[in-house]
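Trainee: Any chance you can model this:
(chains A, B and C)
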Amino acid sequence: MTADRPLTPAFFARPVLAVATDLLGTVVRHRTEEGTVAVRLTEVEAYDGESDPGSHAFRGPTPRNAVMYGRAGHVYVYFTYGMHWCMNLVCGPVGEASAVLLRAGEVVEGAGLATLRRPTARSPRELARGPARLTTALGVDGRHGGADATDPAGSLTVLRAPARRGTRPAAEVCSGPRVGVAGAGAATPWRFWLAGEPSVSAYRAAVSRRRTTGR
DNA sequence: CGGCCGATCCACT
DNA sequence: GTGGATCGGCCGA
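Mentor: Okay, here's the model as predicted:
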């Protein structure tokens, strides 16, 4: 029996690196009329406010990143590559613009619905393997921007990690460079994942694409 | 399973 | 105008 308790605003108000590592193993749940899908997080990335060259807030506030400057525990979603949504959880004090990108997880509830939303998945572990795949499996998109993920009455909620059974030790947390972040921000090892999890996304170095449209 | 590469459109310069 | 905090189709191993 899971506790089903949401994480608190205080959990997210801490420094972003602490939040990022502690988020591993917690569960993101989205309830809709179609049903419920829940994902246990296995991979995240930290983005550290305006001082972080890899962050969407690096150049200061804009309409798109406004939510990042707001209250901890709220949802920042952005649209990228013309077709994908990615989901972040805002961290730190109001005004700081730190956030954690949810990169991958294991579907622990609603695998049937998740498969309908992700028909191209070649195996269950691919359902939420990657940041845009995770949001698709959950049914999260731009409508969830600014939502409070600590609200127990909300449809989109982050829940405490399920209680560990027996004496199984806590999973090891690994870290490495962030995926798809180029330039100065590439050096910081602010991608975190749980060792041995098959849902952790494959590492791809940041690449700059040239003239993909041949006109 | 993994490498290659085009898709597609929005935010910002 | 430029280039993404990405993914899927296709193909080969």
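Trainee: buried stuff in the helix or strand hosting A:L116?
Mentor: Secondary-structure assignment from DSSP states H and E places A:L116 in helix A:111-117. By neighbour count on 16 or more other Cβ atoms under 10 Å, the buried set for helix A:111-117 is A:111, A:113-114, A:117. In this view, the C-beta of every residue, glycine as well, is placed from N, C-alpha and C.
Trainee: what does chain A have sitting close to DNA strand C?
Mentor: Counting by Cβ under 7 Å from any atom of the strand, the positions of chain A adjacent to DNA strand C are A:45, A:47, A:54-57, A:76, A:78, A:80-84, A:86, A:88, A:99, A:101, A:118, A:120-121, A:126, A:130-134, A:136, A:178-182, A:201, A:207-210.
Trainee: of these, buried ones?
Mentor: Looks like those have A:45, A:47, A:54-57, A:76, A:78, A:86, A:88, A:99, A:101, A:118, A:121, A:126, A:130-134, A:136, A:178-179, A:181, A:201 buried, using 16+ other Cβ under 10 Å.
Trainee: got a list of contacts for stretch A:10-20?
Mentor: A:22, A:44-49, A:72-73, A:89-93, A:98-100, A:150, A:190, A:192 (Cβ atoms under 8 Å, 6 or more residues apart in numbering).
Trainee: then that stretch to CSV, C-alphas only?
Mentor: The C-alpha trace of stretch A:10-20 is given here as CSV (Å, rounded to 0.1, in the frame of the first residue of the first chain):
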residue,chain,number,x,y,z
ALA,A,10,9.5,22.9,1.2
PHE,A,11,11.0,19.8,-0.6
PHE,A,12,11.3,21.8,-3.8
ALA,A,13,12.4,25.1,-2.2
ARG,A,14,15.8,23.6,-1.4
PRO,A,15,18.9,24.0,-3.6
VAL,A,16,18.3,22.5,-7.0
LEU,A,17,21.1,19.8,-6.8
ALA,A,18,19.6,18.4,-3.6
VAL,A,19,16.1,18.4,-5.1
ALA,A,20,17.4,16.7,-8.2
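Trainee: mind listing what's buried in that stretch?
Mentor: Across stretch A:10-20, burial judged by 16+ other Cβ under 10 Å covers A:11-13, A:16-17, A:19-20.
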